[in-house]
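> predicted model follows, preceded by the sequence.
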Amino acid sequence: MQYGAGANEPVPGVARAEDPLLSDASLVTAARGGDMRAFERLYRTHSGKVMGLCLRMTRRRDVAEDCVQQTFIRAWRNLQAFEGRSAFGTWLHRIAVNEVLSHARNHGTRSESNDEAIENALAEPADGSKEHDAGEVMDVERALATLPEGARHVVVLQAVYGYSHEECADMLGIAVGTCKAQLHRGRRLLRERMGLTAEADDE
């Protein structure tokens, strides 16, 4: 995968990307210095989680793949602007959400079938792991796939990925109050679709 022009050899004095103990911060520093192998390792570490996020938001594998590709291209081009005030994975998720919303604005939204959305989401769990209870996940993914877009985006970011109201609102470009309302709506619809009894929502 090509992210842009840059040296392929590590810069002297910068930790080598092959070191299995390197943190994201160290890999980012190496990548900024021109070590493409460091960025490739960041890609391998985070691409599964970014793909899971894009799949759940778009419900289309082809669109999700495009959004993941653009996310890492944009991340490479803007790596110098990453200030480290949040985790690198969080920064990537912000870029990915922007790509998903940009694609929807430019191309509209055409959802795949629920069965396709569930199959794709099962292939890319939120935590990047391939170990999960397919039966339980299928029930959740089936219900999640039926939510209206606004509610689905908020539920994915907050309930699946654990972002706060404020972080979610910032990523989606909406008010915090709107975010809370969409989460409440999404949870209610999920309970209805899964046949669960009503419970108080956590704020």
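Right, received. Where do you want to start?
> neighbours around H46, how many?
Neighbour count of H46, defined by other Cβ atoms under 10 Å: 22. Using the backbone N, CA and C atoms, a C-beta is placed for each residue, glycine as well.
> also the one 5 residues further on?
Under the neighbour criterion other Cβ under 10 Å, M51 is assigned a count of 21.
> and what of the one 5 residues further on?
Applying other Cβ under 10 Å, we find 25 residues neighbouring R56.
> assess the claim that it and V156 are in contact.
Yes. A contact is recorded between R56 and V156 when judged using Cβ atoms under 8 Å, the distance being 4.5 Å.
> any shared contact partners between the two?
Shared contacts of R56 and V156, defined by Cβ atoms under 8 Å, 6 or more residues apart in numbering, comprise L144.
> domains of the protein?
Partitioning the chain according to automatic domain parsing yields domains covering residues 24-125, 147-195.
> residue contacts, H165?
Residues touching H165, when contacts are defined by Cβ under 8 Å, 6+ apart, comprise Q158, V176, C179, K180, L183, E203.
> distance of the first one from G186?
Translated: Q158. Remark: distance between Q158 and G186 (Cβ to Cβ, to the nearest Å) = 9 Å.
> these two: who's more crowded?
Comparing Q158 with G186 by other Cβ under 10 Å, the one with more neighbours is G186, at 24 against 21.
> what about the longest helix in the chain?
Once the chain is assigned using DSSP state H, the helix that runs over the most residues is helix 36-58.
> go through it and flag the buried ones.
By neighbour count, with 16 or more other Cβ atoms under 10 Å as the criterion, the buried positions of helix 36-58 are 36-43, 46-58.
> again, but for stretch 94-105
If you call a residue buried by 16+ other Cβ under 10 Å, then stretch 94-105 has these buried ones: R94, I95, A96, V97, N98, E99, V100, L101, H103, A104.
> quick one: contacts for the nearest residue to the fourth one once chain neighbours are set aside?
Using Cβ to Cβ, 6 or more residues apart in numbering and skipping the chain neighbours, the partner closest in space to V97 is M171 (4.5 Å). M171 is in contact with H93, R94, V97, N98, L157, Y163, counting by Cβ under 8 Å, 6+ apart.
> for this protein, name the helix or strand with the lowest mean pLDDT.
helix 114-123 (a mean of 46; mean pLDDT, DSSP states H and E).
> many thanks, have a good one.
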